[in-house]
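S.K.: need coordinates for the following:
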Amino acid sequence: MTIHGEHPFLPPESDRSPVRRFRGRLPSPVGLWTTSYDGRRAGLTVSSMVVADGEPGHILGLIDPDSELWEALREAGTAVVSLLGEPHRQLADAFGYVAPAPGGPFRMAEWTETEWGPALASATTWAGCRLVDPAPPELGWSLAVSLEIQHVELADDTQPALVHRRGRYGTA
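M.R.: Here you go, the predicted structure:
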């Protein structure tokens, strides 16, 4: 067995979309979107998201239309968006389906059940949200999913935020 320093499934840079390469140069916060419906949980690491302040506030995220998260979110109508920190790198990869998670990624951490879905117990910041439109518009290869923020938890913010840039994690 050989361990490589590069991502084994990543196409060569010359074969990647220039738009994706442009986007990859923007540092993005790493969020974990989770929901539960009919006794099963679903989650996905999302770094293509923006938060809009207002009454109410909104989170807009680009979600894979074929993901388990989208299927469950559409049915449940609610989600928790947790902002990940430095200690959550492995969890981010597991929920991004680029690292193994025997028994599923939800077994890798402790969770608190909320009215919006499972919240990562070790996340210092999370929002409980309601899905705005069960048929969101397509945007590129993704769905432009809008969530209305109904509740925000802000704990001591001493851990560095996890950010994603050019296929790698860093902190901000």
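
S.K.: so what strands line up beside the lengthiest strand in the chain?
M.R.: Counting by DSSP state E, the longest strand found in the chain is strand 142-154. Using DSSP bridges, strand 142-154 pairs in its sheet with strand 58-63 (antiparallel), strand 125-131 (antiparallel), strand 138-139 (antiparallel).

S.K.: dump the ones you listed to JSON lines, plus distance to Ala172.
M.R.: Where C-beta positions appear, they are placed from N, C-alpha and C, glycine not excepted. Listed next are the strands paired with strand 142-154 as JSON lines, based on distance: least, Cβ to Cβ, whole Å:
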{"stretch": "strand 58-63", "distance to Ala172": "18"}
{"stretch": "strand 125-131", "distance to Ala172": "13"}
{"stretch": "strand 138-139", "distance to Ala172": "25"}
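
S.K.: please identify the most buried of these.
M.R.: Highest mean neighbour count among the strands paired with strand 142-154 (mean count of other Cβ atoms under 10 Å): strand 125-131, with a mean of 21.

S.K.: report the mean per-residue pLDDT for that strand.
M.R.: Averaging pLDDT along strand 125-131 gives 97.

S.K.: other residues contacting it?
M.R.: For strand 125-131, contacts defined as Cβ atoms under 8 Å, 6 or more residues apart in numbering pick out 59, 73-74, 76-83, 114-117, 119-120, 145-155, 157.

S.K.: now do it: distance to the chain's middle.
M.R.: Remark: strand 125-131 is offset 12 Å from the chain centroid, using Cα atoms, centre = their mean, to the nearest Å.

S.K.: which parts of the longest helix anywhere in the chain are buried?
M.R.: Longest helix of the chain, by residue count under DSSP state H: helix 68-76. Residues 69-70, 72-74, 76 are the ones in helix 68-76 that count as buried (16 or more other Cβ atoms under 10 Å).

S.K.: just checking, next helix/strand downstream of it?
M.R.: Counting by DSSP states H and E, the next helix or strand C-terminal to helix 68-76 is strand 78-83.

S.K.: in the protein, which spans are helices?
M.R.: Listed in chain order, the helices of the chain (DSSP H) span residues 18-24, 68-76, 89-95.

S.K.: low-scoring stretches of the protein, by residue?
M.R.: Applying pLDDT under 70 to the chain flags residues 1-11, 23.

S.K.: ok, 50 please
M.R.: For the chain, the stretches with pLDDT under 50 are 1-2, 4.

S.K.: state the distance from Val98 to Arg16.
M.R.: The gap separating Val98 from Arg16 is 16 Å, by Cβ to Cβ, to the nearest Å.

S.K.: Glu68 too?
M.R.: Counting by Cβ to Cβ, the gap from Glu68 to Arg16 is 25 Å.
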